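Asks: sequence first, predicted coordinates after that:
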Amino acid sequence: MPRNPSNFQENLVEKGDPRKAIGVFDSGIGGLTVVRQIHRILPHESTVYFGDTARVPYGPKSEKLVRRFALQNSQFLLEEGIKAIVIACNTASSVALQTVQEHMPVPVMGVIEPGVKAAVQTTKTGKIGVIGTVGTIESEAYHQAIRRHGSTFKVFGQACPLFVPLAEEGWVDRRPTLLIAEAYLTPLKKQNIDTLILGCTHYPLLKLVISKVMGPDITLIDSAEETARELRALLQKRELLRRHREDARRTYYVSDVPHRFREVAERFLGNSLGSVERVDIEKYENPKKDIL
Ligand code: DGL
């Protein structure tokens, strides 16, 4: 029977230490939209963020390669001493969540299920749109997750690969962005969806343009916020929430030179970050080499 990836792994997980940080990784900078929500909803928690800036984008890459990257990134976070892992990248969540859950001794969650939960609670007509990278849409991870909530839901996916560079460049409200959004989103609009999942780390930055094209009757689901809420519930369930108000430490690592990351990061995070260090990610061993 296929394993339900929304269930957090039960067997492997050791009793964790609430004082440890939450590890978050993304293919690059976009996962900071998730970190931003984690800081808002769990302000006392420390976070260690890893952005795989040397190997971004994950969106057009093969599932096998993304799984290898996801395991290496998780191994790095684990060696930093974390109590849970959040895969902030939708592409990695789509194709690697189960693999990472199976190989890490801490709870691991992705961003797909939290967004799906919010979408199925929001929709009135049962017609849900999903936008994401080519990897996310082709994996049909959102389709499958939505159908697990009910077979009557109708799901319409659309890959929007140009949205990632537009968000990274800060072209969030320019005319070409609007034209591109119209080209991608008009077919979805024609399907009469009433709910649209922003299934990519970068898309919350383009919310204004996306809602302009979709119109006021279509609710946009930002999985970053839902993920932070779900993380709080997970930590609570595992008795991993910090019991005392301590100073939260927020550390950032990237796999390429940090200056470009720093430049764009503020836009995603909403405030400035402290130190950003470079990590040689290729030196981190995958716990299970035979899947590579
Ligand atoms: N982080 C990716 C995602 O959420 C977008 C960028 C990429 O393609 O790596 O799918």
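Replies: Okay, I see it.
Asks: pull the CA atoms of the helix or strand bottoming out on mean pLDDT in the chain into CSV?
Replies: Sorted by mean pLDDT, DSSP states H and E, the helices and strands of the chain end with helix 258-269, the least confident at a mean of 84. What follows is helix 258-269, C-alpha atoms only, in CSV (Å, rounded to 0.1, in the frame of the first residue of the first chain):
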residue,chain,number,x,y,z
PRO,A,258,26.6,34.7,0.0
HIS,A,259,26.5,38.2,-1.4
ARG,A,260,23.7,37.7,-4.0
PHE,A,261,21.6,35.8,-1.4
ARG,A,262,22.0,38.7,1.0
GLU,A,263,20.9,41.2,-1.7
VAL,A,264,17.6,39.5,-2.5
ALA,A,265,17.0,38.0,1.0
GLU,A,266,15.5,41.1,2.5
ARG,A,267,12.7,41.1,0.0
PHE,A,268,11.7,37.6,0.9
LEU,A,269,12.3,37.8,4.6
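Asks: so which elements touch it?
Replies: When contacts are defined as 3 or more CB pairs under 8 Å, 6 or more residues apart in numbering; DSSP states H and E, helix 258-269 sits against helix 32-41, strand 250-254, strand 276-278. Every residue, glycine included, has its C-beta placed from N, CA and C.
Asks: would that helix count as contacting the ligand?
Replies: No - counting by CB under 6 Å from any ligand atom, the ligand is not contacted by helix 258-269; separation bottoms out at 10.9 Å.
Asks: repeat that for stretch 57-76.
Replies: Yes - using CB under 6 Å from any ligand atom, stretch 57-76 reaches the ligand at 57, 58, 59.
Asks: export those to JSON lines and tack on secondary structure, pLDDT and neighbour count?
Replies: Listed next are these as JSON lines, based on DSSP: H, G, I helix; E, B strand; the rest coil; pLDDT from 0 to 100; neighbours: other CB atoms under 10 Å:
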{"residue": "57", "secondary structure": "coil", "pLDDT": "95", "neighbour count": "20"}
{"residue": "58", "secondary structure": "coil", "pLDDT": "97", "neighbour count": "27"}
{"residue": "59", "secondary structure": "coil", "pLDDT": "96", "neighbour count": "24"}
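Asks: residue contacts, the residue of the stretch 101-250 of the chain found nearest the ligand?
Replies: Of all residues in the stretch 101-250 of the chain, residue 201 sits closest to the ligand, at 3.7 Å by CB to the nearest ligand atom. Residue 201 makes contact with 26, 27, 30, 31, 32, 33, 34, 88, 89, 90, 111, 224, according to CB atoms under 8 Å, 6 or more residues apart in numbering.
Asks: and residue 66, what are its phi and psi?
Replies: For residue 66, the backbone dihedrals (degrees, to the nearest 10) come out as phi -60, psi -40.
Asks: residues near it, how many?
Replies: Neighbour count for residue 66, taken as other CB atoms under 10 Å: 24.
Asks: before we move on, what about residue 271?
Replies: Using other CB under 10 Å, residue 271 is surrounded by 8 other residues.
Asks: OK, contacts around the residue nearest to the spatial centre of the chain?
Replies: By CA atoms, centre = their mean, the chain has its centre lying nearest to residue 88, at 2.6 Å. Taking CB under 8 Å, 6+ apart, we find residue 88 in contact with 24, 25, 26, 30, 31, 33, 34, 35, 111, 201, 224, 227.
Asks: try 10 Å
Replies: Listed by CB atoms under 10 Å, 6 or more residues apart in numbering, the contact partners of residue 88 are 24-27, 30-35, 37-38, 49-51, 109-111, 201, 223-224, 227.
Asks: which positions in the stretch 101-250 of the chain make contact with the ligand?
Replies: Counting by CB under 6 Å from any ligand atom, the stretch 101-250 of the chain sits next to the ligand at 132, 133, 136, 164, 200, 201, 202.
Asks: can you flag the buried ones in these?
Replies: Neighbour counting over these (16 or more other CB atoms under 10 Å) leaves 132, 133, 136, 164, 200, 201, 202 as the buried ones.
Asks: what helix or strand is the residue nearest to the last one when sequence neighbours are not counted on?
Replies: Right, the one you point to is residue 202. Nearest in space to residue 202, with sequence neighbours left out and distances taken as CB to CB, 6 or more residues apart in numbering, is residue 167 at 3.9 Å. For residue 167, the host element (DSSP states H and E) is helix 163-168.
Asks: lovely, talk soon.
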